[in-house]
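Student: sharing a model prediction with you, sequence too.
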Amino acid sequence: MQVALMIPCYVDLFYPEVGVATLELLEKLKVDVVYPFDQTCCAQPMANGGCYEEARATEELFIKNFSAFDHIVTPSGSCTLHLRNKFTAAPDSPERRKVSASVYDLVEFLHDVLRVREFPWAKFQHKVALHTSCSAIRGLGLASMSERVHDAKFSKPKNLLEQVPGIDFVDFERPDECCGFGGTFSATEEAVAAKMGYDKLEFIGKSGADYLVSSDMSCLMHLQGCAHRLGAPLKVLHIAQVLNGVAQ
């Protein structure tokens, strides 16, 4: 299977090790990975802020880079959600619709498409608190929602991580509540976003976790920043790093 790898701009700039882990993981799973070098942002920040005209050129460039591929994989639920359901600044075309139909978050690609059920090279002997983003839960359906009390409970990220020997999952209060990042929300509503992050950190801190793991590095970036301002120790890892066998 050939896959086009899309690395979110903030991962490329601030957490390149997550992009490398994603590439290495897919290659260990015998996936033929192509990386279009002209890729930039998916336009999510501009589109979410209502700047549709400003987002158009960025979306059009994305379509140009990725429309030839049947599988587009990215380690970001929020980028996946934008490309799949909100990718509307560029004019409608078969190419645009194909991109929206071909994009997968890394977790759903591993869980639903490749159906990976073992990671023999990985081991992670730590207590882990798992954070699944709002986009991943309520946009992509990667885990059950606590407000839907009669639905069956499930978590695709946890299902994957359970295949890594040594992980001890710890629970914390209000696990699927927003961390406060929300993309540009954390810039336009800084005080509210920070308070939400501090609340999340309080719950996670009480859990006794050694690491906070998520499939969305944007949430981890926000929480890491909040922890730094509080002087609180917080070790974070993207799920790709754990599944790829991050060095202990």
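Tutor: That came in fine, so what should we check first? In this text, all values refer to a predicted model and were calculated from it rather than measured experimentally.

Student: can you point out the buried residues in stretch 34-41?
Tutor: By neighbour count with 16 or more other Cβ atoms under 10 Å, stretch 34-41 contains the buried residues 36, 39, 41. Where you see a C-beta, it was placed from the backbone N, CA and C, and this is true even at glycine.

Student: now stretch 84-93
Tutor: Residues of stretch 84-93 classed as buried: 84, 86-90 (neighbour count, 16+ other Cβ under 10 Å).

Student: out of those residues, list just those in strands.
Tutor: Secondary structure from DSSP state E places none of the buried residues of stretch 84-93 in strands.

Student: lowest-confidence entry in these?
Tutor: pLDDT is lowest at Thr88 among the buried residues of stretch 84-93; the value there is 84.

Student: wait, isn't that residue in contact with Tyr52?
Tutor: Yes: distance between Thr88 and Tyr52: 7.4 Å, which falls inside the contact criterion (Cβ atoms under 8 Å).

Student: quick one: the strands in this structure, in order.
Tutor: 2-5, 32-34, 72-74, 103-105, 127-131, 168-169, 211-214, 236-238.

Student: let's see which of the buried residues of stretch 84-93 end up in helices.
Tutor: Arg84 (DSSP state H).

Student: domains in the chain, by residue range?
Tutor: With domains defined by automatic domain parsing, the chain comprises 2-113, 127-243.

Student: Trp121: which of the ones you listed is closest?
Tutor: domain 2-113 (6.5 Å; Cβ to Cβ).

Student: pull the distance from that closest one to the chain's centre.
Tutor: Using Cα atoms, centre = their mean, to the nearest Å, the mean C-alpha position of domain 2-113 is found 11 Å from that of the whole chain.

Student: Serialize the buried residues of stretch 34-41 to a markdown table and add fields for distance to Arg174.
Tutor: Converted to a markdown table, the buried residues of stretch 34-41 look like this (distance: Cβ to Cβ, whole Å):
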| residue | distance to Arg174 |
| --- | --- |
| Pro36 | 39 |
| Gln39 | 35 |
| Cys41 | 31 |
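
Student: now, which of those sits nearest Glu17?
Tutor: Closest approach between the buried residues of stretch 34-41 and Glu17, by Cβ to Cβ: Gln39, at 18.3 Å.

Student: for the longest helix seen in the chain, buried residues please.
Tutor: For the chain, the helix that runs over the most residues, judged by DSSP H, is helix 190-207. Across helix 190-207, burial judged by 16+ other Cβ under 10 Å covers 193-194, 196-201, 204-205, 207.

Student: out of these, which two sit at the greatest distance?
Tutor: Using Cβ to Cβ, the buried residues of helix 190-207 reach their maximum pairwise distance at Ala193 and Ser207, which is 21.7 Å.

Student: re earlier: take the buried residues of helix 190-207 and write them to JSON lines, including distance to Lys235 and pLDDT.
Tutor: Shown next, in JSON lines, are these (distance: Cβ to Cβ, whole Å; pLDDT from 0 to 100):
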{"residue": "Ala193", "distance to Lys235": "22", "pLDDT": "94"}
{"residue": "Ala194", "distance to Lys235": "20", "pLDDT": "95"}
{"residue": "Met196", "distance to Lys235": "20", "pLDDT": "96"}
{"residue": "Gly197", "distance to Lys235": "16", "pLDDT": "96"}
{"residue": "Tyr198", "distance to Lys235": "18", "pLDDT": "97"}
{"residue": "Asp199", "distance to Lys235": "19", "pLDDT": "96"}
{"residue": "Lys200", "distance to Lys235": "15", "pLDDT": "96"}
{"residue": "Leu201", "distance to Lys235": "13", "pLDDT": "96"}
{"residue": "Ile204", "distance to Lys235": "11", "pLDDT": "96"}
{"residue": "Gly205", "distance to Lys235": "12", "pLDDT": "94"}
{"residue": "Ser207", "distance to Lys235": "13", "pLDDT": "95"}
